[in-house]
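**Student:** The following block contains a protein sequence and its predicted model.
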Amino acid sequence: MKIKFILSSIVLFGGIFLFFNRCAIDEEPAAKLEIGTEYGGGIIFYVDSTGQHGFICASYDQGTALTWNNGTDVTTNATGAGYGTGLANTEAIVSVQKTGNYAAKICSDLDINGYDDWFLPSKSECFTMYFNLKIMRDIGHFTDTLYWSSTEASVNNAYSQYGNDGYPPNGGYYKNTTHYVRAIRSF
């Protein structure tokens, strides 16, 4: 009788042990948040010092011939140039420019795999995206051309990222010229 009880207990506890270990095996490992990793609907291009937050760009261009504005040259006050300013810039541009088929609106309306919080990167975000992915790793399907940023230079001009060497140009380009667009989001 004691042997049956002991064997039953071993089988019971062994089964529980295997069940919980099996559950642990079936769980997906957490994604490693590092530059170049596919995550959150795109590719990570920047991770902050905590290792938990940063920026992701879409895996492909949202347009190859888009203007910065909807055809109207007005000041939008989208002048943020640093990290974390692209979203506010995009919101400012869209609130002034309204509807149309232009860089900030395309990014703002974007939905990739259920992620709908995309925006046009600021000047610094655009530079870091291009430099970390294209220049340093040659990933992300970037082209050697101009990519719009959300940073406004003047009533007629906005900044873009030159794709040939990875360095941002010193001046802005006319808002009604066409450049490539790559949306980003934060995590």
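**Tutor:** Looks like it arrived, so ask away.

**Student:** check contacts around Trp118.
**Tutor:** Applying Cβ atoms under 8 Å, 6 or more residues apart in numbering, we find Trp118 in contact with 58, 107-108, 110-112, 183-185. Any C-beta I mention is one placed from the backbone N, CA and C, and that applies to glycine too.

**Student:** Among these, which ones are in strands?
**Tutor:** 184-185 (DSSP state E).

**Student:** Nearest to Gly140 among the contacts of Trp118?
**Tutor:** The nearest member of those to Gly140, counting by Cβ to Cβ, is Ala58 at 8.9 Å.

**Student:** residue contacts, the closest one?
**Tutor:** 41-42, 110, 112, 118, 182-184.

**Student:** And for Val94?
**Tutor:** By Cβ under 8 Å, 6+ apart, the contact set of Val94 is 104-105, 108.

**Student:** Let's verify it: helix, strand, or coil?
**Tutor:** helix (DSSP: H, G, I helix; E, B strand; the rest coil).

**Student:** I'd like to know how many residues surround the closest residue to Gly63 other than its chain neighbours.
**Tutor:** Excluding the flanking residues, the one nearest Gly63 by Cβ to Cβ, 6 or more residues apart in numbering is Val181, at 4.4 Å. Residues contacting Val181 under the criterion other Cβ atoms under 10 Å number 26.

**Student:** same question, Asn157
**Tutor:** Neighbours of Asn157 (other Cβ under 10 Å): 16.

**Student:** you'd agree it is up against Thr151?
**Tutor:** No - judged on Cβ atoms under 8 Å, Asn157 makes no contact with Thr151 at a distance of 10.1 Å.

**Student:** just to revisit the earlier point, neighbour-wise, which one of the contacts of Val94 leads?
**Tutor:** Neighbour max across the contacts of Val94 (other Cβ under 10 Å) = Ala104, 31 neighbours.

**Student:** What separation do you get for that one and Tyr159?
**Tutor:** For Ala104, the distance to Tyr159 equals 13 Å [Cβ to Cβ, to the nearest Å].

**Student:** Show me what secondary structure element comes after the worst-scoring helix or strand of the chain on mean pLDDT.
**Tutor:** Lowest by mean pLDDT, DSSP states H and E among the helices and strands of the chain is helix 2-26, with a mean of 43. With elements assigned by DSSP states H and E, the helix or strand that comes after helix 2-26 is strand 38-39.

**Student:** quick check: mean pLDDT across that following strand?
**Tutor:** Average pLDDT, strand 38-39: 96.
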